[in-house]
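> below is the structure, and that's it, no one-letter string:
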């Protein structure tokens, strides 16, 4: 089954990871599947494939996925990340 991959789709996945709604392994698995089976938005194909392929190797120790990486990847997609500190 082909999945449509847009900037919003990828930003939502990164957001889910940052909110601990998805593990790094799940994010990597999604990215790997997206690279194989995804249909990328034609107007942003280069950016989307670069970001998704980067997410696909985030489980490799040499690459990892730090907060700064997420900020940078979201920036490439036209989004920004903001942190809210709340009482637990």
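Nice, thanks for sending it over. Everything numeric in this text was worked out from a predicted model, so none of it was measured.
> ranges for the helices of this protein?
7-18, 24-37, 45-56, 67-76 (DSSP state H).
> so who does the residue lying closest to residue 16 once chain neighbours are set aside touch?
For residue 16, ignoring the flanking residues on the chain, the nearest one in space by CB to CB, 6 or more residues apart in numbering is residue 22 at 4.3 Å. C-beta here means a position set from N, CA and C on the backbone, and glycine is covered the same way. Shown in contact with residue 22 (CB atoms under 8 Å, 6 or more residues apart in numbering): 13, 16, 30.
> go again using 10 Å as the cut-off
12, 13, 14, 15, 16, 28, 29, 30 (CB atoms under 10 Å, 6 or more residues apart in numbering).
> of all these, which two lie farthest apart?
15 and 29 (16.8 Å; CB to CB).
> other SSEs contacting the worst-scoring helix or strand of the chain on mean pLDDT?
Least confident helix or strand, the chain: strand 3-5 with a mean of 91, by mean pLDDT, DSSP states H and E. Packing partners of strand 3-5 (3 or more CB pairs under 10 Å, 6 or more residues apart in numbering; DSSP states H and E): helix 24-37, strand 38-40, helix 45-56.
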